[in-house]
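**Student:** Structure, please.
(2 chains)
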Amino acid sequence: MSVSHVHCSQGNLIEVRDLRQTLSGQEILRGLNLDIPKGQTMVLLGRSGGGKSVFLRHLIGLMKPLSGSIRIEGEEIAQLEERELEPVRRKIGMLFQDGALFDSMTVFENVAFPLRERGERSEKIIRDKVARSLELVSLMGQEKKMPVNLSGGMRKRASLARAIISEPSCILYDEPTAGLDPIVSDTINRLIRRLQSQLNVTSVVVTHDMISTNHIADRVSLLREGKIHFVGSLKELHASTDPLITDFIEGRSHEID
Amino acid sequence: MKFPYSFPLTRSFCLYLGQVVLLTGETFTSIFAGRIRWRLVVNQIVEIGFGSQAVVIITGIFTGAVFTAQIFFQFNALNMSSAVGPVVSIALCRELGPVLTGLMVAGRVGAAMSAEIGTMKVTEQIDALRALAVNPVDYLVVPRAVAMMVSMPLLVGECIFFALTASYYVATQILNVNSVFFLQHMWFYTHSRDMVMALSKGFVFALIVVFVGCQQGLTTSNGAVGVGRSTTEAVVISSLTILMINFFLTMGLNIIFPAGGKF
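**Tutor:** Have a look, this model is predicted:
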């Protein structure tokens, strides 16, 4: 199952050191360290409410850490101001948990949005790029629909088309398969793989879905109590005898009925 | 022991005021830096300005009509029915026109702004904007602020125009005031500075509605309940602020444009 893309790895795209964050008095991240190699898919596992999404939001500057360092291609972004973050954000795409499509716009306008905002004026180029982007996520012919008229899976795919249209070097996925049926989940998983192989992007996927993890991961890390408990290849994850890891993989809670 | 309880309220009031002032500052910085999306400004002018006309016109007509009738009933007893015109006209220009337009727009537009931006906030659309390297203030607040600053003075003018038209009709056609006296006195006692006062008040109320509405929207949390709460708060806070600021504006503007003088 595990596909190793060692030849893609040329250093780290993202380096996180001693990241700390507190939300409403509760420590969410307690000195998190993680390296994400270029061109690979890193899956971050962890229990719900464990701070995975919070961590992901730090990588694109949506949240500011209390302390610690986040380097993206060597550039420190942890304490940048909102407007200083814009060049960094142009290099990174993000897929939000519920898609976060702009519900006042059609699918076409949503996907075209990043292009228009970056100053693209030629309608022909916009049309071509949107068509290619929608084709990549198998969503052709849905351009005129409004986001409310799409199913959950379609919304996520449209959102992904929006995230990839400006060809980012890294894509962050927040629970890409949560709340989707197994077939749609599989489509999304294949899409993540395909984007990685076709566009050679670095992906960071936050999930607790083990099927998805087995399908897409080059490397896996496990977040536990605000720190990275384990990081390694998929093979190493499955070979581990650490009870915390085996419980997570096999879904055991140790509660007595 | 009671005293310390006043602190949290004072603190949250100062915090809120600070947030609104910061948002205002950021918006004007963007406007002066030229980060204005004109297409969105035009959309918002249609939405805010054009769309509010029915509400403002109806408010104007009936306020003008009822105010004229009431003033007439009182003044006629003193044989001063020809003074109805100027009294109605000055009251509408200096107070009723801008305040009523402000309140109606706060109810219609302020609520819509806060609901729309608030929904975008709780469904992560604001974060999506930020993640796509688009500043939410530039994209959402600046076009609304520019559109409001353009539309409000026009709406105030429109409200006053329709109110005076209704007033003329009620006074001359229903209450039998002499139309020449009515118009002549109204024209003689109403000065352009009364109109300047109306439009400047409209401009200030536009700022109150837009920044309170957007601030409420941008700080919305807690899903649907939160959107409801921030919409209500946007209307309540902007309406009350309009009424309070109006008093100070009247006192201040009366120094610059004193009532009763010439020009």
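**Student:** Next, count neighbours for A:Ile77.
**Tutor:** By the measure other C-beta atoms under 10 Å in any protein chain shown, the count of residues near A:Ile77 is 23. Any C-beta I mention is one placed from the backbone N, CA and C, and that applies to glycine too.
**Student:** ok, now how distant is it from chain B?
**Tutor:** 13 Å (C-beta to the nearest C-beta, to the nearest Å).
**Student:** Verify the contact between that residue and A:Lys64 for me.
**Tutor:** No - using C-beta atoms under 8 Å, A:Ile77 is not in contact with A:Lys64, being 9.7 Å away.
**Student:** who touches stretch A:224-238?
**Tutor:** Contacts with stretch A:224-238, where a contact means C-beta atoms under 8 Å, 6 or more residues apart in numbering or on different chains, come from A:1-2, A:4, A:27-34, A:46-47, A:50-51, A:213-214, A:217-223, A:240, A:242, A:244-245, A:249.
**Student:** try it again with 6 Å
**Tutor:** Contacts to stretch A:224-238, defined as C-beta atoms under 6 Å, 6 or more residues apart in numbering or on different chains, come from residues A:2, A:29-30, A:32, A:34, A:51, A:217, A:219-222, A:245.
**Student:** Regarding chain A, what is its longest helix?
**Tutor:** Once chain A is assigned using DSSP state H, the helix that runs over the most residues is helix A:182-199.
**Student:** do whatever helix or strand comes next after that one and chain B meet?
**Tutor:** On the C-terminal side of helix A:182-199, the closest following helix or strand by DSSP states H and E is strand A:202-207. No - against chain B, strand A:202-207 shows no contacts by C-beta under 6 Å from any C-beta of the partner chain, the least distance being 13.2 Å.
**Student:** and the next element down the chain from strand A:202-207?
**Tutor:** The first helix or strand that comes after strand A:202-207 along the chain, using DSSP H and E, is helix A:210-216.
**Student:** For A:Ala163, grab the count of nearby residues.
**Tutor:** Neighbours of A:Ala163 using other C-beta under 10 Å come to 25.
**Student:** How many residues are close by the nearest residue to it once chain neighbours are set aside?
**Tutor:** Nearest non-adjacent residue to A:Ala163, counting by C-beta to C-beta, 6 or more residues apart in numbering or on different chains: A:Gly93, 3.3 Å away. A:Gly93 is flanked by 27 other residues according to other C-beta under 10 Å.
**Student:** didn't A:Gly93 look like it was pressed against A:Pro168?
**Tutor:** Yes - under the criterion of C-beta atoms under 6 Å, A:Gly93 makes contact with A:Pro168 at 3.9 Å.
**Student:** give me the number of residues near residue 97?
**Tutor:** Using chain A here. When counting by other C-beta under 10 Å, one arrives at 17 neighbours for A:Gln97.
**Student:** Sorry, I should have been clearer: chain B.
**Tutor:** If we define neighbours as other C-beta under 10 Å, then B:Gly97 has 34 of them.
**Student:** List phi and psi for B:Phe205.
**Tutor:** Backbone torsions for B:Phe205, taken as degrees, to the nearest 10, come to phi -60, psi -30.
**Student:** and it, what does it touch?
**Tutor:** The contact partners of B:Phe205, by C-beta under 6 Å, 6+ apart, come to B:102, B:242.
**Student:** let's see 8 Å
**Tutor:** By C-beta under 8 Å, 6+ apart, B:Phe205 lies in contact with B:98-99, B:101-102, B:105-106, B:152, B:242, B:245-246.
**Student:** and what of A:Phe55?
**Tutor:** Counting by C-beta under 8 Å, 6+ apart, A:Phe55 touches A:19, A:29, A:32, A:44, A:206, A:223.
**Student:** From B:Ala131, how far off is the fifth one?
**Tutor:** What that stands for is A:Val206. Distance of A:Val206 to B:Ala131, given as C-beta to C-beta, to the nearest Å: 14 Å.
**Student:** Run through the residues of the stretch 1-150 of chain B sitting next to chain A.
**Tutor:** Contact residues (C-beta under 8 Å from any C-beta of the partner chain) of the stretch 1-150 of chain B with chain A: B:116, B:119-120, B:123-125, B:127-128, B:130-135.
**Student:** mind redoing it with 6 Å?
**Tutor:** Residues of the stretch 1-150 of chain B found near chain A (C-beta under 6 Å from any C-beta) are B:124-125, B:127-128, B:131-134.
**Student:** Farthest pair within those?
**Tutor:** B:Glu124 and B:Ala133 (15.8 Å; C-beta to C-beta).
**Student:** Tell me how many other residues surround residue 243.
**Tutor:** No chain in the question, so chain A it is. Applying other C-beta under 10 Å, we find 10 residues neighbouring A:Pro243.
**Student:** um, chain B though
**Tutor:** B:Leu243, neighbours per other C-beta under 10 Å, totals 12.
**Student:** So for the helix or strand hosting it, what gets flagged as buried?
**Tutor:** Taking DSSP H and E as the criterion, B:Leu243 maps to helix B:223-256. Buried positions in helix B:223-256, judged by neighbour count with 16 or more other C-beta atoms under 10 Å in any protein chain shown: B:226-227, B:229-231, B:233-235, B:237-239, B:241-242, B:245-246, B:249, B:253.
**Student:** Equivalent analysis for stretch B:62-69, please.
**Tutor:** B:63-65, B:67-68.
**Student:** What is the most widely separated pair among these?
**Tutor:** Using C-beta to C-beta, the two most remote members of the buried residues of stretch B:62-69 are B:Thr63 and B:Thr68, lying 9.4 Å apart.
**Student:** A:Ala112: which of the contacts of A:Phe55 is nearest?
**Tutor:** For these, the nearest to A:Ala112 is A:Val206 (27.1 Å; C-beta to C-beta).
**Student:** and the stretch 1-150 of chain A, which residues reach chain B?
**Tutor:** A:60, A:62, A:86, A:89-90, A:94, A:96, A:100, A:102, A:114, A:117.
**Student:** A:Ile188: which of the residues you listed is nearest?
**Tutor:** Looking across these and measuring by C-beta to C-beta, the closest to A:Ile188 is A:Phe96, at 13.5 Å.
**Student:** got the phi/psi numbers for that closest one?
**Tutor:** phi -80, psi 160.
**Student:** Could you pull up the residues touching it?
**Tutor:** Counting by C-beta under 6 Å, 6+ apart, A:Phe96 touches A:174, B:124.
**Student:** same thing but 7 Å
**Tutor:** Contact analysis of A:Phe96 by C-beta atoms under 7 Å, 6 or more residues apart in numbering or on different chains lists A:159, A:174, B:124, B:127-128.
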